[in-house]
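Peer 1: Sequence plus predicted model, see below.
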Amino acid sequence: MQQSRSEVTERDGLYELEAGSDVLDSPRFNHDIAPTKVHERTWNKWHITALWVGMSICVPTYTLGGVLTAYFGLSVGEALLAILLANIVVLIPLTLNAFPGTKYGIPFPVLLRSSFGIIGSNVPCLIRAVVACGWFGIQTMFGGLAIHLFLGSIFEGWKALGGTGEVIGFMIFWVLNLWVVLRGAESIKWLETLSAPLLVLVGAGLLVWALPNVSMSELLAQPPKRPEGASVVGYFMAGLTAMVGFWATLSLNIPDFSRYAKSQKDQIVGQIIGLPLTMFLFAALGVVMTAASASLVGETVSDPVSLIGHIQSPGWVAVAMALIIVATLSTNTAANIVSPTNDFQNIAPKLINRTKAVLITGFVGLGLMGHELLKKLGWIVSDVSLESVYSNWLLGYSSLLGPIAGIMVADYFLIKKQRLDLAGLYRDDVYPAWNWMGFAAFVLPVLLTLMSLGSPAFSWFYDYGWFTGSALGGLIYFGLCSANSSRTAVVAKPSL
């Protein structure tokens, strides 16, 4: 017989929910976004490390150094330092926001119900989901190109397909990504665990290939592309903010993964080992490879897929492309499909299960890349490049999500004191439907950031957008909640 009221039990600091009819029958619950059981939390620090190695070694990471030197006016040394510092900085919200996921086994959208309301949580969830779908489309484009070059190295006639072959590769890779995620969290865990050492070997192999063709001293001595005599501080901080924005989205939805961690120690140590050094080294490899590409293949090539495609040996191209396909698959499934899958389910858990949510994610990502796919088919002509899309729009858009990170940290650690009503997060009678304080704390910093674009005196507010947004969002939320709590206490106090 099914129990009517849910029960929450605690084991070694980890909480799990024994759902009763009050939760099971709630429109806010389905089994895919339900809290993980303690026995389902099987990821140790090495699984978390492998997750970050798998997500970090990807084509966009490889091109980050080039983005910072070309678009942000930094020297090579300044660009690499910005990447390293940014990933150390982003570890702070990553580890803090991972805490409730590990303790309560809940995914990102369910955690947001505490700070934005049971229904209101859908707004920041969908904002986050759009970013993920955009990155999913971009990574699928790179994966599709790798499949196209892989098939071209095996079948001579495939090369003649040109852009059509790339579109076919895109669709093959698109299906492969959705298949992995549909198989569940364990398949993602083992994909990341198995791919991590392979990806490290790929990086080492590329480095061995490139080093004889580049002078590191000359590379580091190249002057930055900014006005002569201009202060480095403003350019560096703008680049640093953009690099923080690269993983700013993951700092929000890290509970989607930390809900599977064995302990808080495992999620903390795994993230510290896996993220900053991997990002720095692979971005540095991208700088070296791009500099060496002129000697290696006769022209400057800024992405590894195209660079390897220039190799004259079909056998080596086939092996390298197979490994790049694995690398891009491990990044895309974890970083760009898991989050929107949970986010879309949060809208209507009884109507949208994981399978439907994965398909929604896939088709939104496909739609966002429609322009690029039509270009490759030759059906439209456009000067908009894929690089400008993710360096300008996605990185900038991601930096505007800083307030959400600050609100989440303030809500869980300062307002809720690390105590959540686990069953209440899946019902309508504990937390409000809409938490206006969360929305005020989110909207105000975003508006100030956008307004600062038109004011030279306040341009620093936009340049440091993620830092100013997250700090201001957290402070406003804490202030509003504290004031509201005091007012409620005064109103509730009986008169003498």
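Peer 2: Everything's here; your move.

Peer 1: which residues in the protein form strands?
Peer 2: For the chain, the strands defined by DSSP state E cover 7-11, 14-18.

Peer 1: wouldn't N87 be in contact with G245 here?
Peer 2: No: counting by C-beta atoms under 8 Å, N87 does not reach G245; the two are 11.7 Å apart. For glycine as for every other residue, the C-beta is placed from the backbone atoms N, C-alpha and C.

Peer 1: now the helices for the stretch 301-450 of the chain?
Peer 2: 304-309, 314-332, 338-347, 354-368, 370-377, 386-388, 395-399, 402-409, 436-451 (DSSP state H, counting those that start in this stretch).

Peer 1: Just the residues contacting the third one, thanks.
Peer 2: Judged by C-beta atoms under 8 Å, 6 or more residues apart in numbering, the contacts made with helix 338-347 from elsewhere in the structure are 30, 32-33, 107-110, 121-122, 125-126, 128-129, 132-133, 136, 181, 188, 249, 253, 256-257, 352-354, 356-358, 360-361, 364.

Peer 1: Kindly provide the distance from L96 to L329.
Peer 2: Going from L96 to L329 by C-beta to C-beta, to the nearest Å gives 29 Å.

Peer 1: Show me which of those two is the more surrounded one.
Peer 2: The residue with more neighbours, out of L96 and L329, is L329; 22 against 17, by other C-beta atoms under 10 Å.

Peer 1: Taking helix 314-332 as reference, get the angle to the biggest helix by length in the chain.
Peer 2: Secondary structure of the chain per DSSP state H: the longest helix is helix 122-154. Helix 122-154 and helix 314-332 are oriented at 170 degrees to each other (axes from the mean of the first three to the mean of the last three C-alpha atoms, to 10 degrees).

Peer 1: Can you give me the buried ones in helix 122-154?
Peer 2: Of the residues in helix 122-154, 122-125, 127-129, 131-153 count as buried by neighbour count, 16 or more other C-beta atoms under 10 Å.

Peer 1: Now V232. Nearest residue, chain neighbours left out?
Peer 2: In space, V232 comes closest to E78 once its chain neighbours are excluded; the distance is 6.7 Å by C-beta to C-beta, 6 or more residues apart in numbering.

Peer 1: can you tell me which residues contact that neighbour?
Peer 2: Residues counted as contacts of E78 (C-beta under 8 Å, 6+ apart) are 68, 224, 232, 235-236, 239.

Peer 1: Tell me where the model's unsure across the chain.
Peer 2: The chain contains residues with pLDDT under 70 at 1-3, 384-399, 486-496.

Peer 1: Give me the residue at the spatial middle of it.
Peer 2: The chain has L250 as the residue nearest its centroid, 3.8 Å off, counting by C-alpha atoms, centre = their mean.

Peer 1: A335 is in contact with that one, correct?
Peer 2: Yes: counting by C-beta under 8 Å, L250 touches A335, with 6.4 Å between them.

Peer 1: list residues touching both of these two?
Peer 2: By C-beta under 8 Å, 6+ apart, L250 and A335 have these common neighbours: M55.

Peer 1: Quick check: phi and psi on P224?
Peer 2: Backbone torsions of P224, given as degrees, to the nearest 10, read phi -70, psi 160.

Peer 1: Correction: the previous question concerned G162.
Peer 2: phi 60, psi -130.

Peer 1: roughly how far apart are it and L149?
Peer 2: G162 is 12 Å from L149, by C-beta to C-beta.

Peer 1: residue boundaries of the helices in the stretch 51-200 of the chain?
Peer 2: 59-71, 76-89, 91-104, 108-116, 122-154, 163-182, 185-210.

Peer 1: Now the buried members of the contacts of helix 338-347.
Peer 2: For the contacts of helix 338-347, buried by 16+ other C-beta under 10 Å: 30, 32-33, 107-110, 121-122, 125, 128-129, 132-133, 136, 181, 188, 249, 253, 256-257, 352, 354, 357-358, 360-361, 364.

Peer 1: Does W135 touch A334 like I think?
Peer 2: No: the criterion here is C-beta under 8 Å, and W135 misses it with A334 at 11.3 Å.

Peer 1: Residues contacting stretch 406-413, please?
Peer 2: Residues outside stretch 406-413 that contact it (C-beta under 8 Å, 6+ apart): 93, 96-97, 99-100, 111-112, 114-116, 252, 418, 420, 438, 441-442, 469-475, 477-478, 481.

Peer 1: Any of those buried? List them.
Peer 2: Burial of the contacts of stretch 406-413 was assessed by neighbour count (16+ other C-beta under 10 Å); the buried members are 93, 96-97, 99-100, 111-112, 114-116, 252, 420, 438, 441-442, 469-474, 477-478, 481.

Peer 1: for stretch 256-276, how far is the first residue from the last?
Peer 2: 20 Å (C-alpha to C-alpha, to the nearest Å).

Peer 1: List the buried residues of that stretch.
Peer 2: Neighbour counts using 16+ other C-beta under 10 Å place 256-264, 266-276 of stretch 256-276 among the buried residues.

Peer 1: next one: stretch 208-216
Peer 2: By 16+ other C-beta under 10 Å, the buried positions in stretch 208-216 come out as 209-210, 214.

Peer 1: Pull up the distance across it, start to finish.
Peer 2: End-to-end distance for stretch 208-216, by C-alpha to C-alpha: 14 Å.

Peer 1: Any chance you could list what contacts that stretch?
Peer 2: Residues external to stretch 208-216 that are found in contact with it (C-beta under 8 Å, 6+ apart): 285, 288-289, 291-292, 295-296.

Peer 1: Mind checking which of the residues you listed land in helices?
Peer 2: Going by DSSP H, the helices hold 285, 288-289, 291-292, 295-296 from these.
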